[in-house]
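Colleague: could you work out the structure for the sequence below:
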Amino acid sequence: MSTVAEQLRSAREARKLTVYQVAETTKIRTDHIRALEDGNFDVFAAPVYIRGFVRTYATLLKLDVPQVMSGLEGELALTEKFSEPPSLSKPPRGVLDFLTLLLSRLDWRKTGLVLGALVVVGLGVGIFAAWRHYRTRDPLAGLPPAVYQPAGNGPGETLPLTNATPRR
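Modeller: Numbers count the residues shown, from 1 in each chain. Okay, the predicted model is just below:
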């Protein structure tokens, strides 16, 4: 039985497609297509990328996708890098990892509503505190003590009289 890489390459060549045409259609980079056709899985960071690219590529070439995927699983099990899945139960290593894990578990719709409500309540309390502070403040509290001294016989001692006659 041929490998997944051989199946992909022979199906592509049978359909007379170039690597560039496949890349344009599937939106998979050409170096990744070449790595899949060479069976070089070490290029990829995680097996999820390999599985997704092979599924997309096999679908384009109209191959039997479940058969190709089962063959791929067998080939990945033989590789050293992807023979077993990474452990998801490892505890976070540092404070940043711990915070990232906690933030990833939040439901951001509910968290956004709660944070929005807290901001509105905080603004309301702040506005109310400022209003109470300025409402009860004595406007003359900051003035220094002073003594009233009337001005000399200047024009400011009496009100000016107008020459207008009273209305009836």
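Colleague: any chance you could map the helices in the chain?
Modeller: For the chain, the helices defined by DSSP state H cover 4-14, 19-26, 30-38, 47-60, 65-78, 95-104, 108-136.
Colleague: pLDDT at the residue most central in space within the chain, what is it?
Modeller: Nearest to the geometric centre of the chain sits Trp108, at 10.5 Å (C-alpha atoms, centre = their mean). For Trp108, the pLDDT comes out at 86.
Colleague: do the one 5 residues further on as well
Modeller: At Leu113, the predicted lDDT confidence score is 92.
Colleague: so how many other residues sit close to it?
Modeller: 11 (other C-beta atoms under 10 Å). Yep, even glycine has a C-beta here, placed from its N, CA and C like the rest.
Colleague: thinking again about what came up before, comparing the helices of the chain, which yields the minimum mean pLDDT?
Modeller: helix 95-104 (a mean of 86).
Colleague: may I see the buried residues of that one?
Modeller: Residues of helix 95-104 classed as buried by neighbour count (16 or more other C-beta atoms under 10 Å): none.
Colleague: same deal with stretch 20-36?
Modeller: Quick answer for stretch 20-36 (16+ other C-beta under 10 Å): 22-23, 26, 28, 32-33, 35-36.
Colleague: ok, residues contacting that stretch?
Modeller: The contact list for stretch 20-36 (C-beta atoms under 8 Å, 6 or more residues apart in numbering) reads 4-5, 8, 12, 19, 41, 43-44, 49-50, 53-54, 56-57, 60.
Colleague: for Thr136, state which of these is nearest.
Modeller: Tyr49 (66.1 Å; C-beta to C-beta).
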